[in-house]
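Chemist: sequence below, structure please.
(chains A and B)
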Amino acid sequence: MTWDWSAVGDFMPHFWDGLLVTLQALALGSLISFALGLVWALLMRTPTRWVRWPIGVVTEFIRNTPLLVQLFFLFYVLPEWNITFSALTTGVVAIGLHYSTYTMQVYRAGIEGVPPGQWEAATALSLPVRRTWTAVILPQAIRRVVPALGNYVISMLKDTPLLMAITVLDMLGEARLYSQQHFQFTEPLTVIGVAFILISYPASLLMRALERRLVR
Amino acid sequence: MSADTPLMKDPDAHANPPVDGAELIRFDKVTKRFGSNTVLDGLDFRVDSGKHVTLIGPSGSGKTTILRLLMTLAKPDEGTITVAGDRLFPADEKQIREVRKKIGMVFQQFNLFPNMSVLRNITEAPVTVLGLSKDEAEARARELLDLVGLADKCDERPSRLSGGQQQRVAIARALAMRPQVLLLDEVTSALDPELVAGVLDVLRDIAHTTDITMLCVTHEMNFARDISDQVLMFDSGRVIEAGSPEKIFSDPEHDRTREFLSAVL
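Modeler: Alright, predicted model coming up:
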């Protein structure tokens, strides 16, 4: 095995394309999982069983089936019902949906971690329920869960290569394409491996720092 | 008390301000159980407007439960609760919301909102619930902070204050809603001993200079003696003795009262 710097140079334009796609998928997937997870967590607190029960079943199902299977399902099965999205859109939705079933647990813990006295003080001041959530409970809950959400972003980053399976040209997709065209596997795969660690390790350090600052 | 003090009841805030001395709070045959434990057992009691009533008795005797029922933090199992002539229990949600605005509460653990400044803690409810403008609410909050001796702490976070200061902010926050009744639930129990006096001084000041009705649960017998018009001795979910503080503290009739007082005094 020889290391070929010129292959690295040739691959780099493809790498930047792939990095852009990976980061897009990560950013949009994160936003979906943050928003949807909060929606699930709040709906799971409604008093009506007819809301909690279906959401519990669906999110449990999504959490306990592999992301790869979900990706294939959304990409290959939905079009049979004439629902078609681009590969990247499908991937973003699948990652966001999958991880929302984890972030909902994070939010739940964050919400339950707000002391009951906060609810009681809000009641004693006659704050309406909606205002209690938006001004008192959620700001405190979300502050607590930022580090945990950040850790899921890092997990999501490491799951983005799965999008390759539905033809998205993320970093791994680009590396594989380059490798197959030029029969040089070492350089592109090494480059993206280094890229992953250059993103995820500082990110995990950042999360640890946030955790020290935000979680008291 | 002059008309421009912050504690003066806002004539627009309540449609029917109670006449001083008229019945303000009434419990009729109120029973509250937690599981198999009956905390209040067919309790009857009333508090007149403007009075300062202290509930004393051993822990677990249901004193705090009374405050929590009034604040609608818990619901009785039986009986009726009336505040200023309006039913608080049983009542529909809308009615409960209206009656609840007449009541304020200060908690043992302060329960300030840690995500808000001291000033916002106090203005939040007047703005969102009473519909005050931000300026009006802030002016009211600053007056109240001045009253509790914390005018310079407006912009601090609650976590930067001592327990005693937090509790004084909590008192200001409750008063900002201009309640007719102020419930005080062991408000000095969580404080370091040297911080108790500051909080009690503020409450004494409020008791002596306003016409707000106070209902307090406390283990500070000197404070109870100092501010109360009436002391109610509780045991096992019932009032076993009621009277003026002079009477209860110097010449109690009931053996249980005597035992309790000799244990705590």
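Chemist: go ahead and name everything in contact with stretch A:209-216.
Modeler: With contact meaning C-beta atoms under 8 Å, 6 or more residues apart in numbering or on different chains, stretch A:209-216 is reached by A:143-144, A:146-147, A:150. Any C-beta I mention is one placed from the backbone N, CA and C, and that applies to glycine too.
Chemist: how about the residues of chain A by chain B?
Modeler: Selection of chain A residues close to chain B by C-beta under 8 Å from any C-beta of the partner chain yields A:115, A:117-118, A:120-121, A:123-128, A:131, A:135-136, A:139-140, A:143.
Chemist: picking up where we left off before, between the contacts of stretch A:209-216, which is nearest chain B?
Modeler: Proximity of the contacts of stretch A:209-216 to chain B (C-beta to the nearest C-beta) peaks at residue A:143, which lies at 7.2 Å.
Chemist: hmm, back to that, between the contacts of stretch A:209-216, which is closest to residue A:44?
Modeler: residue A:144 (17.6 Å; C-beta to C-beta).
Chemist: surely the closest one meets residue A:110?
Modeler: Yes. Using C-beta atoms under 8 Å, residue A:144 is in contact with residue A:110, at 4.6 Å.
Chemist: between these two, which one's more packed in?
Modeler: Counted by other C-beta atoms under 10 Å in any protein chain shown, residue A:144 and residue A:110 do not tie: residue A:110 has more neighbours, with 23 against 19.
Chemist: buried sites along the helix or strand where that one lies?
Modeler: In this structure, residue A:110 sits in helix A:87-112 according to DSSP states H and E. Neighbour counts over helix A:87-112 (16 or more other C-beta atoms under 10 Å in any protein chain shown) mark A:87-88, A:90-108, A:110-111 as buried.
Chemist: could you point out which element follows it?
Modeler: Next helix or strand after helix A:87-112 toward the C-terminus (DSSP H and E): helix A:116-124.
Chemist: got the angle between the longest helix anywhere in chain A and helix A:87-112?
Modeler: Counting residues, the longest helix in chain A under DSSP state H turns out to be helix A:5-43. For helix A:5-43 against helix A:87-112, the angle by axes from the mean of the first three to the mean of the last three C-alpha atoms, to 10 degrees is 50 degrees.
Chemist: let me see the mean pLDDT of helix A:5-43.
Modeler: If you average the pLDDT over helix A:5-43, you get 93.
Chemist: buried residues, that helix. List them.
Modeler: Neighbour-count burial for helix A:5-43 [16+ other C-beta under 10 Å]: A:7-8, A:10-11, A:14-15, A:18-19, A:21-22, A:24-26, A:28-30, A:32-34, A:36-38, A:40-41, A:43.
Chemist: then stretch A:191-209?
Modeler: Buried residues in stretch A:191-209, defined by neighbour count with 16+ other C-beta under 10 Å: A:191-192, A:195-196, A:199, A:207.
Chemist: quick one, what contacts residue A:26?
Modeler: Residue A:26 sits next to A:153, A:156-157, A:160 when contact means C-beta under 8 Å, 6+ apart.
Chemist: I figured residue B:150 was touching residue B:165, is that so?
Modeler: Yes. The pair residue B:150 / residue B:165 is scored as a contact, 5.9 Å apart, by C-beta under 8 Å.
Chemist: tell me, what's touching these two both at once?
Modeler: Common neighbours of residue B:150 and residue B:165 (C-beta under 8 Å, 6+ apart) do not exist.
Chemist: residue boundaries of the strands in chain B?
Modeler: B:23-34, B:37-48, B:52-56, B:78-83, B:86-89, B:103-106, B:181-185, B:213-217, B:230-235, B:238-243 (DSSP state E).
Chemist: so which of these is nearest residue B:169?
Modeler: strand B:103-106 (10.1 Å).
Chemist: and that closest one, what does it pack against?
Modeler: Packing partners of strand B:103-106 (3 or more C-beta pairs under 8 Å, 6 or more residues apart in numbering or on different chains; DSSP states H and E): helix A:116-124, helix B:163-175, strand B:181-185.
Chemist: can you redo the strands of chain B as TSV with mean neighbour count and mean pLDDT?
Modeler: Shown next, in TSV, are the strands of chain B (neighbours: other C-beta atoms under 10 Å in any protein chain shown; pLDDT from 0 to 100):
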stretch	mean neighbour count	mean pLDDT
strand B:23-34	18	93
strand B:37-48	17	90
strand B:52-56	25	93
strand B:78-83	19	94
strand B:86-89	19	92
strand B:103-106	26	96
strand B:181-185	25	96
strand B:213-217	24	94
strand B:230-235	22	91
strand B:238-243	17	89
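Chemist: for residue B:263, find the nearest of the ones you listed.
Modeler: So among the strands of chain B, strand B:52-56 is nearest, using C-beta to C-beta, at 11.2 Å.
Chemist: before we move on, back to that, elements contacting the helix holding residue A:110?
Modeler: Secondary-structure packing of helix A:87-112 (3+ C-beta pairs under 8 Å, 6+ apart): helix A:5-43, helix A:49-63, helix A:67-72, helix A:138-159.
Chemist: now do the residue found closest to residue B:137 once you drop the neighbours it is linked to in the chain against residue B:177, distance only.
Modeler: The spatially closest residue to residue B:137, leaving aside those adjacent along the chain, is residue B:123, at 3.9 Å (C-beta to C-beta, 6 or more residues apart in numbering or on different chains). Look at residue B:123 and residue B:177: by C-beta to C-beta, to the nearest Å, they are 11 Å apart.
Chemist: same thing with residue A:2?
Modeler: With distances taken as C-beta to C-beta, residue A:2 is found 78 Å from residue B:177.
Chemist: quick one: pLDDT of residue 84?
Modeler: The chain I'm using is chain A. 86.
Chemist: actually it's chain B I care about, not the one you picked
Modeler: For residue B:84, the model assigns a pLDDT of 91.
Chemist: mind giving me the PyMOL select for the residues of chain A next to chain B, buried ones only?
Modeler: Per 16+ other C-beta under 10 Å, the buried members of those correspond to this PyMOL selection:
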select buried, chain A and resi 118+120+121+123+124+125+126+127+131+135+136+140+143
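Chemist: any idea of the angle the top helix by length along chain B forms with strand B:213-217?
Modeler: Longest helix in chain B, counting residues (DSSP H): helix B:193-209. Going by the same axes, to 10 degrees, helix B:193-209 is angled at 150 degrees with respect to strand B:213-217.
Chemist: closest to residue B:61 out of the helices and strands packed on strand B:103-106?
Modeler: Short answer: strand B:181-185, nearest of the helices and strands packed on strand B:103-106 by C-beta to C-beta, at 13.9 Å.
Chemist: and residue 130, what pLDDT?
Modeler: If you meant another chain, say so; for now it's chain A. What the model reports as pLDDT for residue A:130 is 94.
Chemist: not quite, go with chain B.
Modeler: So, for residue B:130, pLDDT stands at 95.
Chemist: state the distance from it to residue B:60.
Modeler: Using C-beta to C-beta, residue B:130 is found at 36 Å from residue B:60.
Chemist: ok, those two, which is more surrounded?
Modeler: Each of residue B:130 and residue B:60 has its neighbours counted (other C-beta under 10 Å); residue B:130 has more, 18 against 14.
Chemist: isn't that one right up against residue B:177?
Modeler: Yes. Residue B:130 is within contact range of residue B:177, at 6.9 Å (criterion: C-beta under 8 Å).
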